[in-house]
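Undergrad: Here you go, sequence then predicted model.
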There are 2 protein chains.
Amino acid sequence: MLTIGQLAATAGVTVRTVRHYHHVSLLPEPERDASGYRRYSAQAAVDLIRIRTLADAGVPLARIDALLHAQPTEFAAAITDIDAELQRKIDQLTEHRRRITELESGERLVLPPEVVAILDRMRGLGVSERRVRLERDSWILMQALDPRVMPQRVRDKNAGFDDPETTRLYLACDQAVDWDPHDPRLDRLIDDLDAWEIEHERDSGRPGYLKLVVSRISEASPAWQRIVDALAHRALQRRTAGHGN
Amino acid sequence: MLTIGQLAATAGVTVRTVRHYHHVSLLPEPERDASGYRRYSAQAAVDLIRIRTLADAGVPLARIDALLHAQPTEFAAAITDIDAELQRKIDQLTEHRRRITELESGERLVLPPEVVAILDRMRGLGVSERRVRLERDSWILMQALDPRVMPQRVRDKNAGFDDPETTRLYLACDQAVDWDPHDPRLDRLIDDLDAWEIEHERDSGRPGYLKLVVSRISEASPAWQRIVDALAHRALQRRTAGHGN
DNA sequence: GGTTGACCCTGACGCTACGTCAGGGTTGGA
DNA sequence: TCCAACCCTGACGTAGCGTCAGGGTCAACC
């Protein structure tokens, strides 16, 4: 006959675990010896190890008792289930293994690959990391609030970077964020942006594309504020002139 | 800006999980809007997903915060650790998958293969299942109480079944359990056992081999009781006669 | 025959990572 | 205006044990 410690060692569990199984009636309480110690038969060792085998496989203790007393058919079916579940867990862990290797760059975990590609493309073009992050954040919000518009935005963005002039202006704007609002280079940039805006509006029929791109950052940058104001002024002039004709 | 529900959906967790992370200071509490609702930035989504990636990989929440603020070197080392741990878990689950397929026959889980082979050999020879189970239980107790003697016992057992006469007697004894103690076949069996005992004692120098094998079952079987008594009587006679010489 | 260390007992609280009420207020669309 | 679907805090519940606390027992050694 075995003491509780010997039984536990045989099954590779702690004494506490055996007592817990008694408590939840998963393993029957054995006879006690003269001093009140529990004394176990070899059958108890077999039972305990079968319980552990199922518990290790992820079966909740509450289900194990019924399972061990089930008919062979049900038992076999349950085993098949448990096996499938184990395989699913293995696949998940494998996937998690892959994901933690991508932890350094958080965005790969959050955004779809097409968008990550755009962000990488921006970095490749020399866009500042600050700007890339703002872009990233706007994609995340877009994804959370209205993911349906994302494919179109992806196409627009890529089209923009496919065009050298658009790319040049984008980079210039990115640089200009830190300029003094009276920097003489701004006049030239505003001219170019205005020209780009006119041409782009004609081509696509969708105005204000550039404004969308810059709006979020403009408030924090005096230089950008000047650009936005100037462009709005010119657009208004054009529209007034157009109506006047 | 995102509500808590939108944030949770983006990260694939429940609202309760996000609040829990606030509670344990894993994710900082964001600003509230006019009505007291939490409002999240896109950065919060990135942070939350990074937390989940680690949590999914089995890292305790208490470690995650430190990990995310660690130096790149420590971080990389930790990731390597976590990855190894994941692989270990995968291997374990694979092993558990194998083990649950052996659940039908509990003994394969409890006993080493050599012993299982002996039990299978007994079944193959036609030993009753009751006897096999008693044998199994005695092996389990042996394993729990003094595993060092097992290899020798394995050799002895197999040697016994390698010998046709020993095997024949073993099977006869197994059958005899249910016989009436006055069954005439018992006389013949006792003669054979006595002869075997004499021969075996001479060969091995270790007496009482058979008694060891049968002792546990004898009390419950009247026929066995008669066998044991008769053999003990004859052995005593021999020894007295021997001393008398 | 006393002591020591390794066991055994019961009872109860602690832990992780949330789930799940209860009992409220807010928002947005029909 | 109303309803469903959100949001809030606070608090208790869950699984599967771990870990004291405060005792008694056993086997071996001195």
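TA: Thanks, I have it. Residues are numbered from 1 along each chain as shown, chains lettered A, B, ... in the order given.

Undergrad: who's in contact with A:I90?
TA: Contact criterion CB atoms under 8 Å, 6 or more residues apart in numbering or on different chains gives B:I90, B:L93, B:T94 as the residues in contact with A:I90. Quick note: C-beta positions are derived from backbone N, CA and C, even for glycine.

Undergrad: can you pull the pLDDT of it?
TA: In the prediction, the pLDDT value recorded for A:I90 is 94.

Undergrad: Could you check how far it is from B:R16?
TA: With distances defined as CB to CB, to the nearest Å, the gap from A:I90 to B:R16 amounts to 28 Å.

Undergrad: surely A:T3 meets A:Y37?
TA: Yes. At 6.1 Å, A:T3 counts as touching A:Y37 under the criterion of CB atoms under 8 Å.

Undergrad: got the residues of chain A near DNA strand C?
TA: A:T3, A:I4, A:G5, A:Q6, A:V15, A:R19, A:G36, A:Y37, A:R38 (CB under 7 Å from any atom of the strand).

Undergrad: Could you tell me the average pLDDT over the helix or strand A:A235 falls within, please?
TA: Assigned by DSSP states H and E, A:A235 belongs to helix A:222-244. Helix A:222-244 shows a mean pLDDT of 70.

Undergrad: Chain A against DNA strand D: which residues are in contact?
TA: Counting by CB under 7 Å from any atom of the strand, the positions of chain A adjacent to DNA strand D are A:13-14, A:16-17, A:20, A:33-36, A:55, A:60-62.

Undergrad: that older thread, and the buried ones among the residues of chain A next to DNA strand C, selectable in ChimeraX?
TA: Below is the selection syntax for ChimeraX that covers the buried ones among the residues of chain A next to DNA strand C, with 16 or more other CB atoms under 10 Å in any protein chain shown defining burial:
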select /A:3,4,6,38
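
Undergrad: same question for the helix or strand hosting A:R131, mean pLDDT?
TA: Assigned by DSSP H and E, A:R131 belongs to helix A:129-145. For helix A:129-145, mean pLDDT is 83.

Undergrad: contact partners of the following helix or strand past that helix?
TA: As assigned by DSSP H and E, the chain's next helix or strand after helix A:129-145 is helix A:150-162. With CB under 8 Å, 6+ apart as the test, helix A:150-162 has contacts from A:112, A:114-115, A:118, A:121-122, A:125, A:139, A:142-143, A:166-167, A:170, A:209.

Undergrad: Just put those in CSV and tack on distance to B:D174, neighbour count and secondary structure.
TA: Supplementary listing: the contacts of helix A:150-162 in CSV, determined by distance: CB to CB, whole Å; neighbours: other CB atoms under 10 Å in any protein chain shown; DSSP: H, G, I helix; E, B strand; the rest coil:
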residue, distance to B:D174, neighbour count, secondary structure
A:P112, 70, 14, coil
A:E114, 74, 14, helix
A:V115, 75, 22, helix
A:I118, 79, 21, helix
A:R121, 81, 15, helix
A:M122, 83, 22, helix
A:L125, 86, 13, helix
A:W139, 77, 23, helix
A:M142, 79, 17, helix
A:Q143, 73, 19, helix
A:T166, 93, 18, helix
A:T167, 91, 17, helix
A:Y170, 91, 21, helix
A:Y209, 93, 15, helix
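
Undergrad: Most remote residue from the middle of chain A, which is it?
TA: When each C-alpha in chain A is compared with the mean C-alpha position (CA atoms, centre = their mean), A:A34 comes out farthest, at 61.2 Å.

Undergrad: sec struct for that residue, please.
TA: Of the three states, A:A34 takes coil according to DSSP: H, G, I helix; E, B strand; the rest coil.

Undergrad: Return the per-residue confidence for it.
TA: 93.

Undergrad: In contact with A:E135: list those residues for me.
TA: A:I118, A:L119, A:M122, A:V127.

Undergrad: where does it sit relative to A:A176, distance-wise?
TA: Note on A:E135: its distance to A:A176, by CB to CB, is 16 Å.

Undergrad: Which helix or strand in chain A has the lowest average pLDDT?
TA: Taking all helices and strands of chain A together, the one with the lowest average confidence (mean pLDDT, DSSP states H and E) is helix A:209-218, at a mean of 53.

Undergrad: Can you tell me which of the residues of chain A next to DNA strand D are buried?
TA: For the residues of chain A next to DNA strand D, buried by 16+ other CB under 10 Å: A:V13, A:T17, A:A55.

Undergrad: Looking at those, which is nearest A:T73?
TA: Proximity of these to A:T73 was ranked by CB to CB; the top entry is A:A55 with 22.6 Å.

Undergrad: And the pLDDT at that closest one?
TA: We note a pLDDT of 96 for A:A55 in this prediction.

Undergrad: Then the one 5 residues further on?
TA: A:P60 is assigned a pLDDT of 96 by the prediction.

Undergrad: so what's the backbone phi/psi at it?
TA: The phi and psi values for A:P60, taken as degrees, to the nearest 10, are phi -60, psi 140.

Undergrad: same question, A:R38
TA: Its backbone dihedrals place A:R38 at phi -70, psi 140, with angles given as degrees, to the nearest 10.
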